[in-house]
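# A predicted structure for the sequence below; I have some questions about it.
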Amino acid sequence: MKKKQNMENETIRIVPLGGLEQIGMNITAFETESSIIIVDCGLAFPEDDMLGVDLVIPDITYLIDNRDKVKGFVITHGHEDHIGSLPYVLQQLNAPIYATRLTMAIIENKLKEHNLLGNVKRKVVTYGQYINLGDFRIEFICTNHSIADSAALAIYTPAGVIVHTGDFKVDYTPVYGDTIDLARFGELGKKGVLALMCDSTNVLKPGFTESEKTVGKVFDSIFEDNEKSRIIVATFASNVDRVQQIINAAKKQKRKVVIEGRSMINIVNTAIELGYIQIPEGMMISLEQMGNYTDDQLVLITTGSQGESMAALSRIAASIHKKVTIKPGDVVIFSSRPIPGNEKSVSKVINELSMKGAKVIIQDTHVSGHACEEEIKLIYSLVKPKYSIPVHGEYRHLIGQGEVAKKMGVKKENVVILRSGDVLEIGEKSAKVVGHVQSAGIMVDGLGIGDVGNIVLRDRQHLSENGLIVVVLTLERGSNIVLAGPDIVSRGFVYVRESENLMEECREVVNIALDRLFDRGVTDWSKMKTEIKDALADFLWKKMKRNPMILPIITEV
């Protein structure tokens, strides 16, 4: 009885450092006085206004400040928005990784690329297995998603059990592996669950998500309708089950399969090695061997279903792929839905393919990997949590799941909508936000991590919209007599050869500004630069209603 009394008074902290108010960059810390475990470590892809940025990773300052307490990373599945930041984060915070077999193999590919494989401890976990990390005990539970080996987590804490679903759906006929272990969710619910952290991505969609297997029948029918054509299928590299179904459809027509796109090749080869994809020997050929076969003998599986500019399909559509050229009669299948924000990129690729004579098919070849409203209700009815903490989604999705939780019997005051960076203190008696930690995303541009911030982005925005004018002049040391210039250089503002009169007027404006400065005896370079910028900006706005970035450069001889 004493133990129960202690548990009633115990609290732990939950600190989401990403993955709320956005799709992507999922990472959440669970903390006691002496231990921290981290669930997932994903990245987000840049938004339209993040010019030149490659990807966004979480700010782990809070974890680094508490590095002595960190016991390990526990990973739910192998999608980029759950594992993509590991190579960057592990360089600052090296801790063991726990994941299922396929998930770990995909992580190991990433670590190999970043030369980290020898430095990081890794442990493959099976469903039903428990791992002890400090004050926490974690159980991996079988779920279904659009990638095999996905897991939910039962996290046993001093304050009670917390169930984290990861990304999931209820698929009674999965392409690979077992169906979701609903019985285990029910057993946990009977014993008592303190909180449920449930995937919110599709909560606003009524009903159930269709089984991945339904897509296989659609592929069969498309392949039959286009048996004389070369078929190209674009899908997510990580959707291993989808790739298997494309292979199954190709096998029925005795077609050879070509895999293209770096991430697709890596993941498919890993899945074949581990037995998650079954393909008859000799069926998979290289790009170089395509010329040995007729169109009706080929299927090309590629990346680029989201219109990404450097993905294989986009390069093929733009005629800049070295080995594949679209020809009239080709059939291109988009086996994914555009992620919100990518619609324009996808449309551009579809138009380019259509102009080259390809037949583009975009409907009925995709089902989501996320649970709709009825599946989420099913999980609530089994788990019966005291608290609901919606995760994985934009703010509207989190609110939507809060409404579902209330319908399923969770008290209104026990639905906790968090923002990234909130520190939630939770126990049997209460759940309240007690603080906030640093959690803004860190931008990665090439090899630079965190060296692009809001000011740099603002400058890039300014340059992209208005262009640049550089004013160069040389002064004599001591006397400040102008020896050369001012020369005006324009980039992205006007075409200089056709605007010589304007350039001459700009030079005159700068000369007048310099005369004013010398009359006042001003020799401070920063004041001179400010005066030149102000005078030229004022002139260009009045004359052209344009506002370029102006960069004065003064040298002295």
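Ah, there it is.

# going forward, measure contacts and count neighbours with C-alpha atoms only.
OK.

# ok now the lengthiest strand in the chain, how far from the chain's centre?
What stands out as the longest strand in the chain, according to DSSP state E, is strand 482-491. With C-alpha atoms, centre = their mean, to the nearest Å as the basis, strand 482-491 stands 44 Å off its chain's centre.

# what angle separates the helix or strand just after that strand from strand 482-491?
Scanning forward in sequence from strand 482-491 by DSSP states H and E, the next helix or strand is helix 500-519. With axes from the mean of the first three to the mean of the last three C-alpha atoms, to 10 degrees applied, the angle from helix 500-519 to strand 482-491 works out at 140 degrees.

# show me which positions of helix 500-519 end up buried.
503, 506-507, 509-511, 513-514, 517 (16 or more other C-alpha atoms under 10 Å).

# those residues into JSON lines, with extra columns for pLDDT?
Output for the buried residues of helix 500-519, formatted as JSON lines (pLDDT from 0 to 100):
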{"residue": "M503", "pLDDT": "76"}
{"residue": "C506", "pLDDT": "82"}
{"residue": "R507", "pLDDT": "80"}
{"residue": "V509", "pLDDT": "83"}
{"residue": "V510", "pLDDT": "82"}
{"residue": "N511", "pLDDT": "80"}
{"residue": "A513", "pLDDT": "81"}
{"residue": "L514", "pLDDT": "78"}
{"residue": "L517", "pLDDT": "75"}
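
# turn the residues you listed into TSV, columns for distance to M104.
Listed next are the buried residues of helix 500-519 as TSV, based on distance: C-alpha to C-alpha, whole Å:
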residue	distance to M104
M503	60
C506	61
R507	62
V509	64
V510	62
N511	65
A513	64
L514	65
L517	66
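
# what sits up against the longest strand of the chain?
Residues from elsewhere that reach strand 482-491 (C-alpha atoms under 8 Å, 6 or more residues apart in numbering): 467-476, 496, 503, 506-507, 510-511.

# please enumerate the helices of the stretch 251-400 of the chain.
262-274, 312-317, 343-355, 373-383, 395-407 (DSSP state H, counting those that start in this stretch).

# no, scratch that, I was asking about the stretch 51-200 of the chain
Using DSSP H, counting those that start in this stretch, helices in the stretch 51-200 of the chain cover 61-65, 80-83, 86-89, 101-113, 182-191.

# E8 belongs to a strand?
No: under DSSP: H, G, I helix; E, B strand; the rest coil, E8 falls outside any strand and is assigned helix.

# ok, now which ones touch it?
E8 neighbours (C-alpha under 8 Å, 6+ apart): 159, 427-429.

# with adjacent residues omitted, what lies nearest to P548?
In space, P548 comes closest to N466 once its chain neighbours are excluded; the distance is 4.6 Å by C-alpha to C-alpha, 6 or more residues apart in numbering.

# same deal with I138?
Per C-alpha to C-alpha, 6+ apart, closest to I138 is I155, 4.6 Å.

# I'd guessed that neighbour sits against I162; true?
Yes: counting by C-alpha atoms under 8 Å, I162 is a contact partner of I155 at 5.1 Å.

# need phi/psi at G409.
The phi/psi pair for G409 (degrees, to the nearest 10) reads phi 100, psi 0.

# show me the contacts for it.
Going by C-alpha under 8 Å, 6+ apart, the list of residues near G409 is empty.

# coming back round to it: for the residue nearest to I138, report the pLDDT, please.
Looking at I155, its pLDDT reads 97.

# one more: the one 5 residues further on?
Per-residue pLDDT puts G160 at 95.

# quick one: it from R137, how far?
Here G160 is placed at a distance of 11 Å from R137 (C-alpha to C-alpha, to the nearest Å).

# who has more neighbours out of those two?
Using other C-alpha atoms under 10 Å, the more surrounded residue of G160 and R137 is G160, with 20 against 17.

# which non-adjacent residue is nearest that one?
L194 (5.4 Å).

# unless I'm mixing things up, the one you found is touching V161, no?
Yes: counting by C-alpha under 8 Å, V161 is a contact partner of L194 at 5.3 Å.

# tell me where the model's unsure across the stretch 401-550 of the chain.
Scanning the stretch 401-550 of the chain for pLDDT under 70 picks out the ranges 443-465, 477-480, 482-483, 494-499, 521.

# can we see that at 90?
Where the stretch 401-550 of the chain drops to pLDDT under 90, the residues are 438-550.

# sorry, back to before: quick check: the residue nearest to P548 touching M544?
No: using C-alpha under 8 Å, N466 makes no contact with M544, being 11.5 Å away.

# got any ranges where the stretch 201-350 of the chain has weak pLDDT?
Ranges of the stretch 201-350 of the chain meeting pLDDT under 90: 236-239, 261-263, 291, 304-312, 322, 336-346.

# tell me the bridge partners for P16.
Beta-bridge partners for P16, by DSSP bridges, are T28.

# and it, how far is that from F539?
Using C-alpha to C-alpha, P16 is found at 50 Å from F539.

# okay, which residue is most central for the protein?
A44 (3.0 Å; C-alpha atoms, centre = their mean).

# dump the residue contacts of that one.
23-25, 55-57, 81.

# look up how far M544 lies from it.
Taking C-alpha to C-alpha, one finds A44 at 39 Å from M544.

# surely G261 and A312 touch.
Yes: assessed by C-alpha under 8 Å, G261 is found in contact with A312 at 5.3 Å.

# ok, the two, which is more surrounded?
Using other C-alpha under 10 Å, the more surrounded residue of G261 and A312 is A312, with 24 against 16.

# ok, the more buried one - contacts?
260-261, 302-304, 321.

# report pLDDT for A183.
A183 is given a pLDDT of 97.

# how many neighbours does it have?
Applying other C-alpha under 10 Å, I find that A183 has 10 neighbouring residues.

# likewise for G329?
Neighbours of G329 using other C-alpha under 10 Å come to 16.

# in this structure it contacts M355, no?
No: using C-alpha under 8 Å as the test, G329 is too far from M355 to be in contact (11.7 Å).

# list the contacts for the residue nearest to G160?
Taking C-alpha under 8 Å, 6+ apart, one finds 159-162, 385-387, 427-428 in contact with L194.
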